[in-house]
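Asker: Have a look; sequence and predicted model below, questions after that.
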Amino acid sequence: MLHASQTMLALKFRVRAMEDWWFDTTRSVSTTHSERAFDASKIVGHLRDSLTYGPARVANARAALHNLPIRNYTQYTFLDIGSGKGRVLFLAAELPFRRVLGVEFATELHRQACDNIRRYNRFRQKCSNIESINADAAEFEFPNENLVIFLFNPFGPEIMNRMLANLAQSLEKNPRHVMILMLWPEQSRLVEQMPGVKVYKKTRRYHIFQTADTR
């Protein structure tokens with residue numbers, strides 16, 4: 001039984017590796033390898049409870065993106081907080097968002113994301129306005145636009161609370177439709193506590209929240 005379990009685990013890792021290879025190869029990018037630690041001298045802001053970088057699985061992220069309550073993608077900006085090397089940015093660019101932004105505090109990951117953006121080539125691309133921003137999520141000023149905010153556990157509750165407080169202030173000043181998509185959500189309860197934010201959909205892999213659509 002143990003041998004069979006080990007075989008299945010090895011097969012899963014092999015399938016995931018092939019998926020990652022296929023994604024990068026067909027888009028002329030490099031988004032796969034994880035980063036186990038961050039150098040405190042090579043980030044914007046402070047480490048606090050920021051976590052290690054690991055790319056989202058393509059199938060999970062794509063499924064979540066296609067279940068967003070959006071009628072017209074061109075009315076929304078996609079924003080990945082903790083965007084790393086840009087994998088989810090390229091998935092989002094295959095939908096006709098107004099623009100696609102990534103926020104990454106690690107300077108080296110941001111540099112790699114910029115390199116990937118320059119190389120990115122995909123016949124299914126529908127959004128050409130892609131940008132990586134080297135910034136601290138705890139201090140980030142949210143664009144005054146309809147937003148889809150993507151989070152794949154980039155940090156713990158300390159930074160999450162600060163980021164959500166900034167978002168709440170932004171929404172109070174400029175009410176608009178904002179969706180928060182959390183993949184394998186570990187801080188979901190903090191989003192649920194935000195005023196004016198309601199659950200749209202919850203699955204085992206992702207949670208989607210949204211504000212009232214003010215359009």
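Answerer: That came through fine.
Asker: element containing residue 128?
Answerer: Under DSSP states H and E, no helix or strand contains residue 128.
Asker: Apologies, that question was intended for residue 7.
Answerer: Element membership for residue 7, per DSSP H and E: helix 2-27.
Asker: Can you identify the element that follows that helix toward the C-terminus?
Answerer: Heading C-terminal from helix 2-27 (DSSP H and E), you reach helix 58-65.
Asker: Which secondary structure element is home to residue 170?
Answerer: Residue 170 is part of helix 157-173, with elements assigned from DSSP H and E.
Asker: which outside residues touch the following helix or strand past that helix?
Answerer: Using DSSP H and E, the helix or strand that follows helix 157-173 towards the C-terminus is strand 178-183. Residues from elsewhere that reach strand 178-183 (Cβ atoms under 8 Å, 6 or more residues apart in numbering): 56, 60-61, 64-65, 68-70, 76, 146-153, 167, 171, 188, 191, 197, 200, 205-211. Quick note: C-beta positions are derived from backbone N, CA and C, even for glycine.
Asker: what do you get for stretch 148-166?
Answerer: 48-51, 56, 61, 68, 70, 76-82, 88, 92, 97, 137-142, 167, 178-187, 190-191, 194.
Asker: Select only the buried ones of these in ChimeraX?
Answerer: The following ChimeraX line selects those of those that are buried, judged by 16 or more other Cβ atoms under 10 Å:
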select :50,56,61,68,70,76,77,78,79,80,81,82,88,92,97,137,138,140,142,167,178,179,180,181,182,183,184,185,187,191,194
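Asker: lowest average confidence, helix or strand, in this protein?
Answerer: When each helix and strand of the chain is scored by mean pLDDT, DSSP states H and E, helix 2-27 comes last, with a mean of 80.
Asker: Return the list of helices and strands in contact with that one.
Answerer: helix 58-65 (3 or more Cβ pairs under 8 Å, 6 or more residues apart in numbering; DSSP states H and E).
Asker: Show residues contacting the next helix or strand after the helix it packs on.
Answerer: Counting by DSSP H and E, the element after helix 58-65 in chain order, helix or strand, is strand 77-81. Around strand 77-81, the neighbours that count as contacts under Cβ under 8 Å, 6+ apart are 88-89, 92, 95, 97-103, 127, 137, 140, 142-143, 145-151, 154, 163.
Asker: repeat for stretch 129-136
Answerer: Taking Cβ under 8 Å, 6+ apart as the rule, stretch 129-136 contacts 43-46, 83, 86, 89-90, 93, 98-105, 107, 110, 113-114, 117, 120, 140.
Asker: Put the alpha carbons of stretch 124-142 into PDB.
Answerer: This file holds the C-alpha atoms of stretch 124-142, laid out as PDB (Å, rounded to 0.1, in the frame of the first residue of the first chain):
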ATOM      1  CA  ARG A 124      -4.800  33.400 -27.200                       C
ATOM      2  CA  GLN A 125      -3.700  36.700 -25.600                       C
ATOM      3  CA  LYS A 126      -6.500  39.200 -25.400                       C
ATOM      4  CA  CYS A 127      -5.000  41.800 -23.100                       C
ATOM      5  CA  SER A 128      -1.700  43.500 -24.200                       C
ATOM      6  CA  ASN A 129      -1.500  45.900 -21.200                       C
ATOM      7  CA  ILE A 130       0.500  43.800 -18.700                       C
ATOM      8  CA  GLU A 131       2.700  45.300 -16.000                       C
ATOM      9  CA  SER A 132       4.600  44.200 -12.900                       C
ATOM     10  CA  ILE A 133       5.000  46.800 -10.100                       C
ATOM     11  CA  ASN A 134       7.700  46.400  -7.500                       C
ATOM     12  CA  ALA A 135       5.800  47.500  -4.300                       C
ATOM     13  CA  ASP A 136       4.900  46.600  -0.800                       C
ATOM     14  CA  ALA A 137       1.300  45.200  -0.700                       C
ATOM     15  CA  ALA A 138       0.800  46.700   2.800                       C
ATOM     16  CA  GLU A 139       1.300  50.200   1.300                       C
ATOM     17  CA  PHE A 140      -0.100  49.700  -2.100                       C
ATOM     18  CA  GLU A 141      -2.600  52.300  -3.400                       C
ATOM     19  CA  PHE A 142      -5.400  50.500  -5.300                       C
END
